[in-house]
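> Pasting the sequence and the predicted model now:
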Amino acid sequence: MIWYESGASDAAGSPCTRKRRGGTQPDGDESQSGVIADDALQDQHQYSPFHRIQLWNGSHFVKSSLKSLGLRIQRSHLPGERCPLPNKTWGDDFVVIDYDQIHSVGLDYCGCGRTSKGQVEQLLERRLYPATVVNPKTAATFRVLELFELLQYESKLSTYEFYQTISRLTDNTGLDTLKDRYPTLLRIVHQWRHLKMLKRTGRGHDPVRGASETRPEGWDKVEKGLKFLYALNLALDANFRMKRKDCSSEAADPGLSKGFVYVVEETGFQEHLKRHDNDTEPKSTCSRHDAVNLADMRPGQGYASSGIATVECSRHNSKRPLAICDMKRGERYCYMDYITVLSLQLCLLKMFLISYDIACQWFINLFQRITQIDQSCPLLQPDVEIRFLVPKFHLPAHIPACRNQFAFMLTPGAGLGDGEAPEHGWGELNPLATSTREMGPGMCRDTLDYHFGDYNWRKIVRLGDSLLKKMVTATSEVAEHVIAHQELEATLNADQLQRWKDDVIAWELDTANPNPYEVIVKTPTQAADRQITRIKLRSNALTRKLEEWFSLLQLYIPTSALLRKREPQRKEGPKPFEVKLWLPSQIGKSASFDLSLAEIKYKLRNAQAHEALDTLRRNLQIRATLYDVKNRWLRGQGANTRALNAIAMVQARIAAARDEYRQARAALLALSDLLAYPRVDQEFLPLQDQDIRSMTEAEPGQGETRRTLSWIWRRVNAADATEQETQAAINETIRVEWGKSWARAQRYEEEIKLVEEEMNRTLRFFDWKASSWRSKAVRSGPIAPEYAEGLKAYAERQAALCQSLRESFKWQWKGVPSLIKSANDEVERPDLFYQRKQREFARRTKTTDKIFHSCSMPSPPVPESANAPPAV
């Protein structure tokens with residue numbers, strides 16, 4: 001296969017190629033069709049001996065073969081040139097499997113001494129892969145193997161289905177019975193993909209492969225705040241759909257890849273399992289995780305394994321080397337420990353972020369278990385920093401203590417990662433399970449190696465798009481979260497804020513310190529609400545004094561009597577709460593009065609708006625607490641009904657506070673226009689329904705990473721309540737939410753730095769890879785000249801490919817510096833951010849209006865001729 005890369009491989013005349021100056025150039029058209037005379041048929045198909053032939057029998061065309069018409073395929077000679085001493089294949093019934101037909105051909109080897117190559121080499125030089133190395137009687141074309149390789153990677157098509165398709169293309173009637181070549185094709189495909197894997201990894205050039213050097217100088221001496229740029233992000237998971245039946249044995253099917261790529265070497269793995277065969281998995285101290293409680297579950301009768309486990313790079317969704325193993329039973333710790341240790345061999349990094357669905361349980365006693373596997377593991381080094389995390393999608397299933405300790409958003413250096421990389425890969429791999437469950441152990445491991453290799457390759461060639469998408473997301477949203485955090489900090493006490501920052505930094509340096517994201521005061525009491533209810537009941541008595549109010553109003557604003565007379569009269573008298581009081585904010589400029597009254601009214605409405613917001617905030621936190629208690633502790637219809645009634649009462653108070661603030665704001669805007677007070681509309685923002693949410697709630701469609709704090713918690717001091725217990729609860733909630741707001745802003749800023757470094761690292765990787773391939777172009781030792789030329793040609797082609805990918809990504813990322821600069825400018829100048837948001841809103845509004853008008857346009861008039869009655 002290496003020798004074929006050289007130009008000398010065409011000396012014997014490859015199908016459909018002719019020698020030209022400077023290399024080989026395709027010259028034949030294998031899709032040609034037409035009627036050809038018998039005497040010209042053999043000459044025309046010397047270069048294309050695998051065409052499908054139909055013979056005219058006098059009335060119609062019937063299927064035939066070039067062998068029956070006398071065509072002989074001569075190896076190691078130019079097409080059309082006959083060997084003086086041809087050696088026919090054994091039995092003269094050679095079969096070639098091509099992508100559109102199974103051909104029976106007449107094939108002769110060279111016996112005249114022109115070549116010293118054996119039968120296998122003579123077949124390979126014509127791009128035919130033989131089924132055996134001794135007297136082969138079957139071969140498959142390179143093009144059918146290349147087609148099936150990519151087809152299975154994309155569609156997870158089984159070898160049996162592919163063979164049946166070719167068999168039916170050959171004969172779809174069953175009249176021409178062919179010898180079953182499916183086992184032969186299965187063996188050929190297995191060997192082909194293994195050799196291609198070795199070839200692509202450079203084993204034909206250099207049996208010893210070195211580690212890549214993509215880290216810049218001084219990477220291990222960066223300041224502590226930038227160590228996350230050179231951290232390794234790992235994600236662990238198991239897949240129970242990839243179970244395998246007990247249909248063979250290691251002796252009958254040992255496999256070809258023995259720990260070469262992704263699946264671990266079986267002998268060492270089995271020895272490790274024997275040492276832990278009697279271990280009992282500890283029960284979960286968190287939620288009832290099936291991964292923990294069902295760890296000792298057997299795979300079922302007739303099955304040898306219950307699935308596979310993996311370790312991946314969670315930043316780029318790529319499989320790690322030696323990071324996949326079979327699970328003989330459930331998701332046991334001994335499986336995950338083993339592949340974690342093996343995947344970190346030769347790793348020199350000093351910081352690790354490891355995510356796992358049950359990391360809160362798995363990390364307990366992890367270092368003791370790792371010590372029994374490999375005492376030189378990088379995780380055991382004294383200067384290593386490790387943080388354990390739970391993927392974002394799985395985190396809500398954990399108890400509150402885990403949600404705060406193992407959250408990606410609250411972990412420094414995690415950026416915008418989510419830890420769900422294995423889940424993305426399982427969705428693509430699961431269709432392959434119908435094939436692998438019927439395979440033997442060796443064949444199954446090799447198949448997984450091939451598919452994961454293709455999976456990683458597709459991730460590499462798509463790094464240009466994926467990293468650019470991450471950068472666009474981070475730079476477009478970083479300003480929003482940084483500005484929101486700054487606005488929240490502006491409402492807080494400076495001394496208190498500094499204490500909170502010290503607590504957060506201390507926890508980030510050592511998680512043994514108190515967690516600043518846990519709320520200490522859980523539930524505020526209802527004493528303040530009872531007091532407010534009594535005040536409201538007393539205030540209702542004021543509605544009976546409306547006439548007295550209007551008498552006093554006429555003394556201070558005489559023109560109010562005239563305004564009352566101008567009101568439209570209703571048949572039935574207005575209800576007390578519907579009577580218009582004609583306050584200064586309602587009078588406005590429609591009548592003259594003393595502006596000092598408007599100033600007094602403005603102060604009252606100002607206090608009313610703040611009090612309404614305070615009531616709204618307090619009841620939102622009470623509602624959040626009630627929902628949390630209901631979801632976590634209440635069971636049964638009666639308890640849930642009582643909880644829903646309590647929540648409904650709180651919701652009614654929220655609605656009342658909402659209406660009170662909106663009325664007070666409308667009055668303040670009217671009075672500010674009368675008194676010429678500036679920026680009132682910016683001090684009291686409009687209260688939309690989506691703004692009415694607790695500190696822990698997000699807008700619809702937002703996750704924890706993109707969640708922003710509602711302005712009711714940022715613009716106005718929320719910690720000025722008069723009730724001591726309620727104030728303590730709100731202060732505690734503000735402390736936690738300030739910490740989460742700070743963490744969100746930090747994660748977005750980290751993501752920009754991470755993606756920028758990953759882009760630079762990708763370019764450095766391609767430079768190193770191209771240089772590595774070019775260094776392998778020349779190999780010392782006694783090798784044939786044509787083999788040396790093949791080595792050089794393949795190495796140069798791979799180096800050129802790496803260089804092309806590098807240049808493509810570099811061109812694709814040319815606008816990244818301007819994106820980063822724009823994001824930094826918006827953080828430093830919030831007005832730029834708000835201007836961008838206004839432009840985006842105007843653009844969306846314009847698009848929506850265009851769609852609305854296009855949908856509401858009247859249908860065109862129907863021509864009169866279309867409505868005319870049919871002619872008689």
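Happy to help now that I have it.

> which residue ranges form the helices in the stretch 701-850 of the chain?
For the stretch 701-850 of the chain, helices defined by DSSP state H, counting those that start in this stretch occupy the ranges 724-775, 785-812, 816-828, 830-856.

> what's the closest of those helices to Ala131?
helix 785-812 (23.4 Å; CB to CB). The C-beta positions use only the backbone N, C-alpha and C, and glycine is treated the same way.

> circling back: from the helices of the stretch 701-850 of the chain, which stretch is densest packed?
Of those, the one with the most neighbours on average (mean count of other CB atoms under 10 Å) is helix 724-775, at a mean of 20.

> elements contacting that one?
On a contact count with 3 or more CB pairs under 8 Å, 6 or more residues apart in numbering; DSSP states H and E, helix 724-775 meets helix 463-489, helix 494-509, helix 527-539, helix 595-633, helix 785-812, helix 816-828.

> thinking again about what came up before, so can I have a markdown table of the helices of the stretch 701-850 of the chain showing distance to Gly440?
Output for those, formatted as a markdown table (distance: least, CB to CB, whole Å):
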| stretch | distance to Gly440 |
| --- | --- |
| helix 724-775 | 34 |
| helix 785-812 | 32 |
| helix 816-828 | 48 |
| helix 830-856 | 57 |
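
> Can you flag the weakest of those by average pLDDT?
Of all these, the minimum mean pLDDT falls on helix 830-856 (a mean of 79).

> How far away from the center of its chain is that one?
29 Å (CA atoms, centre = their mean, to the nearest Å).

> returning to that earlier point: so which of the helices and strands packed on helix 724-775 comes closest to Val222?
Here helix 494-509 is closest among the helices and strands packed on helix 724-775 (CB to CB), at 16.7 Å.

> what are the C-alpha coordinates of that closest one, in CSV please?
C-alpha atoms of helix 494-509 as CSV (Å, rounded to 0.1, in the frame of the first residue of the first chain):
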residue,chain,number,x,y,z
ALA,A,494,-18.5,48.3,49.2
ASP,A,495,-17.3,46.7,52.4
GLN,A,496,-19.9,43.9,52.1
LEU,A,497,-18.9,43.4,48.5
GLN,A,498,-15.2,43.0,49.4
ARG,A,499,-16.1,40.3,52.0
TRP,A,500,-18.0,38.4,49.4
LYS,A,501,-15.2,38.6,46.9
ASP,A,502,-12.7,37.3,49.5
ASP,A,503,-15.0,34.3,50.3
VAL,A,504,-15.4,33.4,46.6
ILE,A,505,-11.6,33.6,45.9
ALA,A,506,-10.9,31.5,49.0
TRP,A,507,-13.3,28.8,47.9
GLU,A,508,-11.8,28.8,44.4
LEU,A,509,-8.3,28.3,45.8
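
> outside of it, which residues touch it?
Pro412, Glu489, Asn513, Pro514, Asn515, Pro516, Arg735, Trp738, Gly739, Trp742, Ala743 (CB atoms under 8 Å, 6 or more residues apart in numbering).

> residue contacts, the second one?
Shown in contact with Glu489 (CB under 8 Å, 6+ apart): Leu497, Trp738.

> And for the last one?
Contacts of Ala743 were listed using CB under 8 Å, 6+ apart, and they are Met409, Leu410, Val504, Tyr517.

> Any idea how many residues pack against the third one?
For Val504, the count of nearby residues is 22 (other CB atoms under 10 Å).

> Does Val62 lie in a helix or a strand, and which?
strand 61-64 (DSSP states H and E).

> Where does pLDDT dip in the stretch 401-550 of the chain?
Within the stretch 401-550 of the chain, the ranges that satisfy pLDDT under 70 run 519-550.

> Next one: Thr280 from Gln368, what distance?
Distance of Thr280 to Gln368, given as CB to CB, to the nearest Å: 16 Å.

> can you pull out the helices in the stretch 201-350 of the chain?
266-275, 290-293, 333-343.

> winner for burial among those?
helix 333-343 (a mean of 23).

> Following element in sequence after that helix, please.
Going down the chain from helix 333-343, the next helix or strand is strand 351-356, by DSSP H and E.

> Work out the gap between that next one and the centre of the chain.
17 Å.

> Same check on stretch 372-388?
On the basis of CA atoms, centre = their mean, stretch 372-388 sits 28 Å off its chain's mean C-alpha point.

> Which strand or helix spans Ala656?
Counting by DSSP H and E, Ala656 is part of helix 637-675.

> who's in contact with the nearest residue to Val390 once chain neighbours are set aside?
The shortest distance from Val390 to any residue other than its chain neighbours is 4.2 Å, reached at Phe406 (CB to CB, 6 or more residues apart in numbering). Going by CB under 8 Å, 6+ apart, Phe406 touches Ala359, Cys360, Phe388, Leu389, Val390, Leu395, His398.

> Quick check: Phe406 vs Arg332, distance?
Distance from Phe406 to Arg332, by CB to CB: 21 Å.

> So of the contacts of Ala743, which two are at opposite extremes in space?
Within the contacts of Ala743, Met409 and Val504 form the most distant pair, 12.9 Å apart (CB to CB).

> so what pLDDT did Leu687 get?
If you check Leu687, the pLDDT there is 86.

> All set now, cheers.
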